[in-house]
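S.K.: what's the 3D shape of this:
(4 chains)
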2 protein chains.
Amino acid sequence: MPRGRVKKEGGDSGEEDSDEYRKRRDRNNLAVKRSRVKSKQKTQETVNRVNELRNENTVLEEKVKTLTKELGFLKELFLAHASNNVDPSKFEGVNLQKLLEDDSSAGTSTDNNA
Amino acid sequence: MPRGRVKKEGGDSGEEDSDEYRKRRDRNNLAVKRSRVKSKQKTQETVNRVNELRNENTVLEEKVKTLTKELGFLKELFLAHASNNVDPSKFEGVNLQKLLEDDSSAGTSTDNNA
DNA sequence: TTGAATTGCGCAATCG
DNA sequence: CCGATTGCGCAATTCA
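M.R.: Prediction:
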């Protein structure tokens, strides 16, 4: 429906000339200002949020990188040293075979079924 | 400077009554519409970006959690099994002692502050 | 100087 | 009825 400039003057339900009218207009103008300030704040906060999240993301990626590196090292070390003995079974419910394969297990859930 | 309703009619530099005037107004109105559409799109994209980043973040955190768990397990296993021999020095430039302490090394680089 | 893009502002319709 | 939102046009200002 039309919201723009549509004077509906001349009929029967015209706004009072300038009694309550001005008062209402002024109040609305204030409301409009409040609303716009609020809107801009929200937009700005969203922009800030993006930056915060990008930083968190960077930190997390570094963390993953470091952990992956350490894990890779320990696995190598482990395999090299224990390639002779050590039970080829499980420990604490963790599948050792799987764990030592590579490091792709860091994705989503670990399928411990079957 | 006042930007609101300030008719500067009646003087000497009044806009032409409706020659180029209307044409210019119409052009500007179109420009205003373009500008506002563009603005809203950008805002929406920013909101979407926040959601994307939040998802990436969640994935990364799960990844860190998984890797930390695996790392902890391997360290325990390693310590338990190799507590008798194994050179206590280094491997490939990695400090074994440090690596086996706990898993706090995944934060921000190794801080050597006092 | 010129024209498009932005921006502050007020109006009116509509929403809650 | 009231305040909050929103589409829209105007004019000033900024950009290019």
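S.K.: C-alpha from now on. contacts and neighbour counts both.
M.R.: Will do.
S.K.: and the longest helix anywhere in chain A, is it in reach of chain B?
M.R.: For chain A, the helix with the greatest residue count under DSSP state H is helix A:20-82. Yes. Helix A:20-82 reaches chain B (CA under 8 Å from any CA of the partner chain) through A:43, A:46-47, A:49-50, A:53-54, A:56-57, A:59-64, A:66-68, A:70-71, A:74-75, A:78.
S.K.: Buried subset of these, written for ChimeraX?
M.R.: Selection of buried members from those for ChimeraX, criterion 16 or more other CA atoms under 10 Å in any protein chain shown:
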select /A:43,46,47,49,50,53,54,57,59,60,61,62,63,64,66,67,68,70,71,74,75,78
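S.K.: Next, count neighbours for A:Arg25.
M.R.: Other residues near A:Arg25 come to 12 when the count uses other CA atoms under 10 Å in any protein chain shown.
S.K.: From A:Ser18, how far out is it?
M.R.: In this view, A:Arg25 and A:Ser18 are 10 Å apart by CA to CA, to the nearest Å.
S.K.: In chain A, what helix or strand scores lowest on average pLDDT?
M.R.: Within chain A, no helix or strand scores below strand A:90-91, which has a mean of 52 by mean pLDDT, DSSP states H and E.
S.K.: just for chain A, where's the confidence low?
M.R.: Applying pLDDT under 70 to chain A flags the ranges A:1-17, A:82-96, A:102-114.
S.K.: Swap in 50 and give it another go.
M.R.: Within chain A, the stretches with pLDDT under 50 are A:1-14, A:107-114.
S.K.: returning to that earlier point: got the angle for the longest helix of chain A vs helix B:20-82?
M.R.: Angle of helix A:20-82 versus helix B:20-82, following axes from the mean of the first three to the mean of the last three CA atoms, to 10 degrees, is 30 degrees.
S.K.: Could you list every helix and strand that helix A:20-82 packs against?
M.R.: helix B:20-82 (3 or more CA pairs under 8 Å, 6 or more residues apart in numbering or on different chains; DSSP states H and E).
S.K.: can you tell if the helix it packs on touches DNA strand C?
M.R.: Yes. Judged by CA under 7 Å from any atom of the strand, helix B:20-82 comes into contact with DNA strand C at B:24, B:27-28, B:30-32, B:34-36, B:38.
S.K.: In CSV, list those along with neighbour count.
M.R.: Output for the residues of helix B:20-82 next to DNA strand C, formatted as CSV (neighbours: other CA atoms under 10 Å in any protein chain shown):
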residue, neighbour count
B:Arg24, 12
B:Arg27, 12
B:Asn28, 12
B:Leu30, 12
B:Ala31, 12
B:Val32, 12
B:Arg34, 11
B:Ser35, 12
B:Arg36, 12
B:Lys38, 12
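S.K.: As JSON lines, those with distance to DNA strand D would be great.
M.R.: Output for those, formatted as JSON lines (distance: CA to the nearest atom of the strand, whole Å):
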{"residue": "B:Arg24", "distance to DNA strand D": "9"}
{"residue": "B:Arg27", "distance to DNA strand D": "9"}
{"residue": "B:Asn28", "distance to DNA strand D": "6"}
{"residue": "B:Leu30", "distance to DNA strand D": "7"}
{"residue": "B:Ala31", "distance to DNA strand D": "8"}
{"residue": "B:Val32", "distance to DNA strand D": "6"}
{"residue": "B:Arg34", "distance to DNA strand D": "10"}
{"residue": "B:Ser35", "distance to DNA strand D": "10"}
{"residue": "B:Arg36", "distance to DNA strand D": "9"}
{"residue": "B:Lys38", "distance to DNA strand D": "12"}
